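Student: Sharing a model prediction with you, sequence too.
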Amino acid sequence: MTFGPHLDGRRCLHFIDNSSAFYSLLHASSQHGEMWRLTRLYHAFLLSFDTSVHFEMVASADNISDVPSRGPTHPGWQPMLELGFRRVALRFPSEDDWDDVTALLARPTSPVEPAD
């Protein structure tokens, strides 16, 4: 959604510390309805933007991907800014969009704008 145009034709490494999410994404399936829907949307996104991914299971304490979700008060935030990371506003589908993946991915994407 938000980063699709920036990932088009690229390789992406995902650090995941949740075993349910890890195995659902890895196998593109889940027995849980909402996780299955999210997994389906994620893999449609990958196909739509020709993005190659690798999933890596990591311990929660070692997950660099957690830092942005913890916000600017997290001790790892400043080093990430120094490396050139920046916050952006996320584009996330509405509840109605979940059932029509094709229409959702066909929408034009807006440029990535900095978050407030």
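Tutor: Everything's here; your move.

Student: Okay, helices next: where are they in the protein?
Tutor: Using DSSP state H, the helices found in the chain span residues 4-7, 19-27, 33-49, 66-70, 77-82, 101-106.

Student: Out of those helices, point me to the one whose mean pLDDT is lowest.
Tutor: Among those, helix 101-106 carries the lowest mean pLDDT, at a mean of 65.

Student: List of residues touching stretch 10-22?
Tutor: With Cβ atoms under 8 Å, 6 or more residues apart in numbering as the test, stretch 10-22 has contacts from 25, 30, 32, 35, 51-60, 62-66. All C-beta atoms are positioned from the backbone trio N, CA, C, and that covers glycine.

Student: Check these for burial and list the buried ones.
Tutor: With burial judged by 16 or more other Cβ atoms under 10 Å, the buried subset of the contacts of stretch 10-22 is 25, 30, 35, 51, 63.

Student: okay but the first one is in contact with residue 39, surely?
Tutor: Yes: assessed by Cβ atoms under 8 Å, residue 25 is found in contact with residue 39 at 6.0 Å.

Student: just to revisit the earlier point, redo the buried ones among the contacts of stretch 10-22 as TSV? Include distance to residue 76.
Tutor: Compiled in TSV, the buried ones among the contacts of stretch 10-22 are given as follows (distance: Cβ to Cβ, whole Å):
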residue	distance to residue 76
25	23
30	30
35	27
51	25
63	10
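
Student: Looking at those, which is nearest residue 5?
Tutor: residue 51 (10.7 Å; Cβ to Cβ).

Student: That closest one and residue 10: what is the separation?
Tutor: 6 Å (Cβ to Cβ, to the nearest Å).
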